[in-house]
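**Q** what follows is a predicted structure for the sequence shown.
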Amino acid sequence: MREFIRLQLKLRWGYNRNNNKASAVMTAVATLLAVAIALALVWALSYVLQASIGATAKQLAQLYLTVIMIGLTIAATGMQVKRLYRPADLLITARFPMSPFKLFLSYLVLNYIDLSIYSAILLFPVMIVFGIAMKCFTFVYFLGIVLGVLLMPIVPFVLSIFIAIPTVYVTTLLERHGIARLIVFVVVLVGAFVLYYYILENLAEFFIHRNWEEGTLEIWENLLKGLDGYYNPAYYLGNVVFFDGFWIGFGALLGAGAVLGAGGVALARAVCTSFRKKALETGSGFYMRRSEVDSFGSARAIFRYSLREILRTKTYAYFYLGVAISTPVMVFFCNRLVTMVGEAQVGSGINFGASMLVIAVFMAMISSFAATILSVEGKKFYITKLVPVPYRKQLLIKGILNVGVSAVALIISAIVLAALKFIGAVEMTVLIITQLLLAAGLVFNGINLNLVNPNLKPKANGEAEEINITYMLLIGLVIAAIVGACCIIFPRSIETVGATAAYLTAVGIALVYAAVNFIVFWFTVDKKYKKIEA
């Protein structure tokens, strides 16, 4: 049992020399950037709330402790479902020289260790930045953070044991309903984004006008007051961190964890045993559907296959198609925020430039997944070399599908902005033309990149290769910044032909970018494709 836990931890957290170093570097940079943004948000929100409401450091800390605890509970629930009820290695572990109970117990220990690591990664930087912002960082406070890191995983771990059981039953019912799962993901994504936007909007309102919008202050006061109660587990953790009612908080967390954990483990063991037996009895082909020969033409068949591949691959279905579907809503909120900040700093008349910038960013997010058109095939790539369809045609059809997904999100977003009077009819037309060209350029740029850097190693569920997506996202963000800056600056700096110059510049940059990438694709695709070994 000890060796099994050690091996699993090495596979999860150990260093693999075979890993792509460029991918590791890009992932580290992206992670550090996300952490920096999150910590800046923590500092700004702490400063603003303390200056406006006058709440104590403990009351404000309970807000962050609650958010972190919710996030860890969601992560822990995913771990429980994945390891206990839907393990990918069930057929292998069923043959291990370990009793089912020891295997079950090992997975629980692994989940708790992973949760403890995540707790340290989240809690340390957040609470240190919070302490600096509130000017309450002392040795005693640091000691409280250390104790808080040790105690934080208890509540999420115990709650996840109970939450995972109904979750796995619901996901089982939705197993063959991918559209329903996608809808749930989109709703959750949009909800989280709207909440994030609300916080940013209030911070921007405070720093720009040095006050809150009417009613906002009351909402924050009620929220902090509601979290400062005995029914909130973060309240007891706050007692430990600030050594205010330390033994009450310490005893409540350990006592509730021991009592509820014992009952939860007993219940989880029974459910886990039932699920594993059913999975072994039914076999891996239980949900497989018999395939039939279609009489479609080659273009239609490839298009249909690519669309199904998007729906069946989790990374594509959620973070590609899901983001594309929710883009119009997120564009509206982002555009309103950027416009508010821009008008305060630059002045009125930046709606078109702000709209161009915001939509270009979302087009970059959607189109970046085109950089995995080859990688997502994995070990099935050799089939694409055998089918009697030219390589150029195969990739061209897949590229058109990706451009089509971007185009639908773009057109709906532009119509929404025009209907809400952010932009006029002429500006909407220019925006659609420019962004459609940019989307095409990003898609074929991604295909060209994937032809040079394909990763065809077998991946779980055909998941996409992240390094190419990261490269394309960075390229897309740079282009979005250039186009957005031109559309914001030109109308103000060149008064005679300001709007016309902005329109022509934006369309020109997009046209050149799309043309260059398409020409490179058209004349080099066959040669590059032939060199790739499956």
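**A** All right, it came through fine. Residues are numbered from 1 along each chain as shown.
**Q** would you point out which residue is most central in this structure?
**A** The centroid of the chain falls nearest to F319 when counting by C-alpha atoms, centre = their mean (6.7 Å).
**Q** helix, strand, or coil at that residue?
**A** Here F319 is recorded as helix under DSSP: H, G, I helix; E, B strand; the rest coil.
**Q** just the pLDDT for it.
**A** F319 carries a pLDDT value of 75.
**Q** and for the residue nearest to it when sequence neighbours are not counted, the neighbour number?
**A** Sequence neighbours aside, F369 is the residue nearest to F319 in space, at 7.7 Å (criterion: C-beta to C-beta, 6 or more residues apart in numbering). Yep, even glycine has a C-beta here, placed from its N, CA and C like the rest. By other C-beta atoms under 10 Å, the residues close to F369 number 28.
**Q** so what's the nearest residue to A38 once chain neighbours are set aside up against?
**A** Among residues not flanking A38 along the chain, V126 sits closest, at 7.7 Å (C-beta to C-beta, 6+ apart). The contact partners of V126, taken as C-beta atoms under 8 Å, 6 or more residues apart in numbering, are A38, L39, V42, Y64, I68.
**Q** which strand or helix spans the third one?
**A** When secondary structure is defined using DSSP states H and E, the element that contains V42 is helix 21-53.
**Q** run the chain-centre distance for that helix.
**A** Computed by C-alpha atoms, centre = their mean, to the nearest Å, the chain-centroid distance of helix 21-53 equals 15 Å.
**Q** which positions in that helix come out as buried?
**A** 23, 26, 39, 42-46, 48-50, 52-53 (16 or more other C-beta atoms under 10 Å).
**Q** same check on stretch 419-427?
**A** By 16+ other C-beta under 10 Å, the buried positions in stretch 419-427 come out as F422, I423, E427.
**Q** so what pLDDT did N232 get?
**A** pLDDT, read off for N232, is 87.
**Q** using CSV, lay out the buried residues of stretch 419-427 together with pLDDT, distance to I482 and secondary structure.
**A** Shown next, in CSV, are the buried residues of stretch 419-427 (pLDDT from 0 to 100; distance: C-beta to C-beta, whole Å; DSSP: H, G, I helix; E, B strand; the rest coil):
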residue, pLDDT, distance to I482, secondary structure
F422, 82, 21, coil
I423, 84, 19, coil
E427, 87, 18, helix
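**Q** return the member of the residues you listed nearest to N232.
**A** Taking C-beta to C-beta as the measure, N232 lies nearest F422 of those, at 39.9 Å.
**Q** sorry, back to before: what's the lowest-pLDDT member of the buried residues of helix 21-53?
**A** S23 (59).
**Q** what comes up buried for stretch 404-417?
**A** For stretch 404-417, the neighbour count (16+ other C-beta under 10 Å) marks V405, S406, A407, A409, L410, I412, S413, A414, V416, L417 as buried.
**Q** buried ones in the longest helix along the chain?
**A** For the chain, the helix with the greatest residue count under DSSP state H is helix 246-282. Within helix 246-282, the residues scored as buried using 16+ other C-beta under 10 Å are 249-250, 252-253, 257, 260-261, 264, 268-269, 271-272, 275-276, 279.
**Q** show me what it is packed against.
**A** Counting contacts by 3 or more C-beta pairs under 8 Å, 6 or more residues apart in numbering; DSSP states H and E, helix 246-282 packs against helix 90-93, helix 100-134, helix 139-151, helix 154-173, helix 233-241.
**Q** tell me the most buried of the ones you listed?
**A** Comparing these by mean neighbour count (mean count of other C-beta atoms under 10 Å), helix 233-241 comes out on top with a mean of 25.
**Q** could I get that one in PDB with only the CA atoms?
**A** Output in PDB follows, covering the C-alpha atoms of helix 233-241 (Å, rounded to 0.1, in the frame of the first residue of the first chain):
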ATOM      1  CA  PRO A 233     -16.500  26.400   8.100                       C
ATOM      2  CA  ALA A 234     -14.200  29.300   7.100                       C
ATOM      3  CA  TYR A 235     -15.200  31.100  10.300                       C
ATOM      4  CA  TYR A 236     -13.400  28.400  12.400                       C
ATOM      5  CA  LEU A 237     -10.400  28.400  10.100                       C
ATOM      6  CA  GLY A 238     -10.300  32.200  10.600                       C
ATOM      7  CA  ASN A 239     -10.200  31.600  14.300                       C
ATOM      8  CA  VAL A 240      -7.100  29.500  13.900                       C
ATOM      9  CA  VAL A 241      -5.300  31.800  11.500                       C
END
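**Q** report all helices and strands that that helix contacts.
**A** For helix 233-241, the packing partners by 3+ C-beta pairs under 8 Å, 6+ apart come out as helix 57-80, helix 139-151, helix 246-282.
**Q** and the angle for the first one with helix 139-151?
**A** Spelled out, it's helix 57-80. Put simply, helix 57-80 runs at 20 degrees to helix 139-151, going by axes from the mean of the first three to the mean of the last three C-alpha atoms, to 10 degrees.
**Q** now the angle from helix 57-80 to helix 100-134?
**A** Angle between the axes of helix 57-80 and helix 100-134 is 150 degrees (criterion: the same axes, to 10 degrees).
**Q** may I see the buried residues of helix 57-80?
**A** 57-66, 68-69, 72-73, 75-77, 79-80.
**Q** got any ranges where the stretch 251-400 of the chain has weak pLDDT?
**A** 279-296, 315, 339-349 (pLDDT under 70).
**Q** for it, just list every one of the strands.
**A** Ranges of strands within the stretch 251-400 of the chain: none, based on DSSP state E, counting those that start in this stretch.
**Q** and L456, which of the three is it?
**A** The local conformation at L456, judged by three-state DSSP, is coil.
**Q** break the protein down into its domains, please.
**A** Taking automatic domain parsing as the reference, the chain has its domains at 2-6+45-281, 300-531.
**Q** redo these as CSV? Include distance to A34.
**A** Below are the domains of the chain laid out as CSV (distance: least, C-beta to C-beta, whole Å):
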stretch, distance to A34
domain 2-6+45-281, 12
domain 300-531, 12
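**Q** circling back: give me the angle between the helix holding V42 and helix 100-134.
**A** Interaxial angle, helix 21-53 versus helix 100-134 (the same axes, to 10 degrees): 50 degrees.
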